[in-house]
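A.B. asks: Can you look at this prediction? I've put the sequence above it.
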Amino acid sequence: MSGPYVIRGSVALPEAELVWRFSRSSGPGGQHVNTSDSQVELRFDLAKTEALPQVWKDRALERLAGRLADGVLSVRASDHRSQWRNRETAAVRMAALLAEASAPPPKPRRKSRIPRGINERRLREKKQRGDTKRGRSGRDWT
């Protein structure tokens, strides 16, 4: 692997807590496709890790509840022919997934007030438009 995969700030995926599993890929391949284990499955025990701050960990456990199996987050990659590139892809996906899941919630939107002048102008223009349309009718012609 090409170094630590940063989740956010100074927090990175701990190498010691990552579990790698390799198997034959159904994806792209060549002559050696049936003999090499190029598919990568990366597993990370989110429930037991001490590498993440507790607040991040709680957020991630809550947001990724549907993806977890006994508190373990799993990512699979078989996009490339080489096992090394699939390892890179899986690690980057895992870091991105954890970064998104542990991010703080967005600030609540503050409702903005429409200035009175703008609202009055809108109503005045609506009234003028209605008068223009009403003037097109031929009812009053005799």
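C.D. replies: Received, thanks. Residues are numbered from 1 along each chain as shown.
A.B. asks: From here on, just use CA atoms for contacts and neighbour counts.
C.D. replies: Fine.
A.B. asks: Nearest residue to A47 in space, please, no chain neighbours.
C.D. replies: Take A47 and drop its neighbours on the chain: the residue closest to it by Cα to Cα, 6 or more residues apart in numbering is G71, 4.8 Å away.
A.B. asks: so who does that neighbour touch?
C.D. replies: D45, L46, A47, K48, L61 (Cα atoms under 8 Å, 6 or more residues apart in numbering).
A.B. asks: In strands, which of those residues appear?
C.D. replies: With DSSP state E as the criterion, strands contain D45 from among the contacts of G71.
A.B. asks: Closest to W84 out of the contacts of G71?
C.D. replies: D45 (22.1 Å; Cα to Cα).
A.B. asks: thinking that closest one is in contact with V72, fair?
C.D. replies: Yes: using Cα atoms under 8 Å, D45 is in contact with V72, at 4.2 Å.
A.B. asks: which ones are touching the nearest residue to S82 once chain neighbours are set aside?
C.D. replies: Leaving aside its chain neighbours, S82 sits nearest to S38 (5.8 Å; criterion: Cα to Cα, 6+ apart). Residues near S38 by Cα under 8 Å, 6+ apart: F22, S23, R24, S25, S78, H80, R81, S82, Q83, N86.
A.B. asks: Could you say which helix or strand holds the fourth one?
C.D. replies: Counting by DSSP states H and E, S25 is held by no secondary-structure element, helix or strand.
A.B. asks: Which residues are in contact with it?
C.D. replies: Shown in contact with S25 (Cα under 8 Å, 6+ apart): V33, D37, S38, Q39, S78.
A.B. asks: Show me where this protein has its strands.
C.D. replies: Secondary structure of the chain (DSSP E): strands located at 6-8, 11-12, 18-23, 39-45, 72-77.
A.B. asks: All good on my end, thank you.
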